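**Q** Need coordinates for the following:
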Amino acid sequence: MAGRLYLCATPIGNLEDITFRVLRTLKEVDLIAAEDTRHSIKLLNHFEIKTPMTSYHEYNKVDKARYLVEQLKDGVNIALITDAGTPGISDPGEELVRQCYEAGLEVTSLPGPAACVTALTMSGLSTRRFCFEAFLPSEKGDKKERARILGELKDETRTIIIYEAPHHLVRTLEDLYEVLGNRRITILRELTKKFETAFRTTFEDALAAYGQEEPKGECVIVIEGRSPRELREEQIRTWEEMGLEEHLEHYMSMGQDKKEAMKSVAKDRGISKRDVYQQLL
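**A** The predicted structure follows:
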């Protein structure tokens, strides 16, 4: 009988946030796959868990996942843990889960802490709709990809959540401010720990503050989404500046016939199709 993969959420700071179910599972499985065994051994020692560990991280995730899948096929039950939070969220766990499903193996997730959700609920910004970007690509590693993602976020109307290390925080805030403009944000650091803070501010004020005091601790940046009304007004201005004939040609170049294109133009400009027809005469 094949084993099962357990995705076990571990504390993002405060050890009391671990669940009874995760503790029991970590003690009962045959093997724990940990992102950093040196880090996770502190957690296991604290709760007197003696289960063997093996490393599973970004740099061995593909080959090691194959090995773990074979172990599961042989009946070994495995718990996957990340350094902090829920496995598979901004960490290599997704690769192992993918390979398990491809092999027809059973996977279950034991819910618990996740920094992105914890930060969102504390942010004071809208929680109804949000998007999670984790860490932006590094400027040195993939500057074009970073710029592409920032460009996509410019017109995002949902609340945006981004992770950042303290030594990169100011640069990331500068890049976000340049692309998104000055918005309401909340910068959360040291979540669930003794010096947890939620800094409700704007990009401009945050940059001014960090010019006086160096940021410390792992951070989550929660950013107000763009106003749909503001976005709509900007789109209308763009169409109006374009001119009616150019606007019509835009849609016809996309494959619409003239009738469909006129309907699209009318919708963009908030006028009737008849008005479009008369203005084009």
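
**Q** Check the gap between G3 and E102 for me.
**A** 16 Å (Cβ to Cβ, to the nearest Å). In short, each C-beta sits where N, CA and C put it, glycine included.

**Q** So which of the two has more stuff around it?
**A** Remark: of G3 and E102, G3 carries more neighbours, 20 against 9, as counted by other Cβ atoms under 10 Å.

**Q** So T54: helix, strand or coil?
**A** Look at T54: counting by DSSP: H, G, I helix; E, B strand; the rest coil, its state is strand.

**Q** bridging residues for it?
**A** A33 (DSSP bridges).

**Q** Just list the residues touching it, thanks.
**A** Contact criterion Cβ atoms under 8 Å, 6 or more residues apart in numbering gives L31, I32, A33, A34, T37, K64, L68 as the residues in contact with T54.

**Q** Pull up the gap between it and L23, please.
**A** Separation of T54 from L23 (Cβ to Cβ): 20 Å.

**Q** E70 too?
**A** 27 Å.

**Q** what about the two, which has more around it?
**A** Neighbour count, other Cβ under 10 Å: between E70 and L23, L23 has more, with 14 against 11.

**Q** which one is the more buried one nearest to, not counting chain neighbours?
**A** Nearest residue to L23, sequence neighbours excluded (Cβ to Cβ, 6 or more residues apart in numbering): F47, at 5.8 Å.

**Q** any weak-confidence spans in the stretch 151-281 of the chain?
**A** 239, 241, 276-277, 281 (pLDDT under 70).

**Q** Kindly recompute the last result at 80.
**A** The model of the stretch 151-281 of the chain has pLDDT under 80 over residues 232-252, 258-259, 261-262, 264-266, 268-281.

**Q** And the helices in it?
**A** 166-180, 203-210, 228-242, 244-252, 258-269, 273-280 (DSSP state H, counting those that start in this stretch).

**Q** Need the ones you listed in TSV (columns: distance to D91 and mean neighbour count).
**A** Converted to TSV, those look like this (distance: least, Cβ to Cβ, whole Å; neighbours: other Cβ atoms under 10 Å):
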stretch	distance to D91	mean neighbour count
helix 166-180	18	17
helix 203-210	27	16
helix 228-242	33	12
helix 244-252	43	16
helix 258-269	42	16
helix 273-280	51	13
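
**Q** Ok, which of these comes nearest P113?
**A** Across the helices of the stretch 151-281 of the chain, P113 has its closest neighbour in helix 166-180 (20.2 Å, Cβ to Cβ).

**Q** tell me what that closest one is packed against?
**A** Applying 3 or more Cβ pairs under 8 Å, 6 or more residues apart in numbering; DSSP states H and E, we find helix 166-180 packed against helix 143-153, strand 159-164, helix 203-210, strand 219-223.

**Q** Now do the first one: which elements does it pack against?
**A** Packed against helix 143-153 by the contact rule (3+ Cβ pairs under 8 Å, 6+ apart) you find helix 166-180.

**Q** now with 10 Å?
**A** When contacts are defined as 3 or more Cβ pairs under 10 Å, 6 or more residues apart in numbering; DSSP states H and E, helix 143-153 packs onto strand 130-135, strand 159-164, helix 166-180.

**Q** List the contacts of it.
**A** Contacts of helix 143-153 with the rest of the structure, by Cβ atoms under 10 Å, 6 or more residues apart in numbering, involve 131, 133, 136-140, 142, 160, 162, 172, 175-176, 178-180, 223, 225-226.

**Q** With stretch 62-71 instead?
**A** Contacts of stretch 62-71 with the rest of the structure, by Cβ under 10 Å, 6+ apart, involve 2-3, 5, 30-31, 33, 54-57, 60-61, 76-78, 80, 92-100, 102-103, 105.
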